[in-house]
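> missing the sequence, but the structure's below:
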């Protein structure tokens with residue numbers, strides 16, 4: 001902060017000199033900080049600031065070059081339809097691929113039939129190979145749907161449909177003398 005300054009002008013350019021929309025001498029009134037939005041990931045930017053008091057303007061600050069972080073990614077896994085009989089569980093091993101994560105992945109299941117699906121984990125370590133087991137355990141015949149959600153700080157959330165079909169068990173016919 002500059003003593004006596006009433007406002008600041010902030011300018012942001014790419015390292016190649018291209019101006020960033022909205023940040024060419026952007027006026028910041030009565031504050032000593034501002035949030036810069038709309039920047040691309042993994043890109044170098046140059047920030048310059050001047051202080052203003054009335055009509056007086058300071059010399060330009062020493063420019064600072066800052067490179068934005070890489071955008072973390074969680075890839076959407078493919079999960080085939082679960083098929084089983086009522087009260088018989090079935091499992092699928094799912095591989096979760098990701099890159100450049102800053103925090104662990106939170107795993108949750110939501111939706112109308114969420115109680116018929118489960119996973120063996122609720123948090124996946126950001127640095128490990130990410131294998132999870134999704135289990136389908138229907139307690140009634142029919143088609144069931146839920147959503148598997150994968151979230152991590154700064155990554156786009158991933159929502160994957162979970163679909164299961166369960167049938168009544170086939171009757172067993174016993175042939176022979178039952179009274180022997």
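Cool, got the structure. In this text, all values refer to a predicted model and were calculated from it rather than measured experimentally.

> if I pick the residue nearest to residue 81 when sequence neighbours are not counted, what's in contact with it?
Excluding the flanking residues, the one nearest residue 81 by C-beta to C-beta, 6 or more residues apart in numbering is residue 163, at 4.7 Å. For glycine as for every other residue, the C-beta is placed from the backbone atoms N, C-alpha and C. Neighbour list for residue 163: 81, 82, 143, 144, 145 [criterion: C-beta atoms under 8 Å, 6 or more residues apart in numbering].

> ok, so of those residues, who is nearest residue 171?
Comparing the contacts of residue 163 against residue 171 with C-beta to C-beta places residue 143 closest, at 21.9 Å.

> helix or strand right after the helix or strand containing that closest one?
In the assignment (DSSP states H and E), residue 143 maps to strand 142-151. Helices and strands here follow DSSP H and E; after strand 142-151, the next one along the chain is strand 158-167.

> isn't residue 57 right up against residue 49?
No: counting by C-beta atoms under 8 Å, residue 57 stays clear of residue 49, with 11.0 Å between them.

> so the two - more neighbours on which side?
Counted by other C-beta atoms under 10 Å, residue 57 and residue 49 do not tie: residue 49 has more neighbours, with 20 against 13.

> so that one, which of the three states?
Counting by DSSP: H, G, I helix; E, B strand; the rest coil, the backbone at residue 49 sits in strand.

> verify the stated contact: it with residue 9.
Yes: the pair residue 49 and residue 9 passes the contact test of C-beta under 8 Å, sitting 6.9 Å apart.

> ok, now which ones touch residue 67?
So, once contact is read as C-beta under 8 Å, 6+ apart, residue 67 ends up touching 42, 43, 44, 45.

> show me which residues of stretch 122-133 are buried.
Going by neighbour count (16 or more other C-beta atoms under 10 Å), the buried part of stretch 122-133 is 124, 126, 130, 132.
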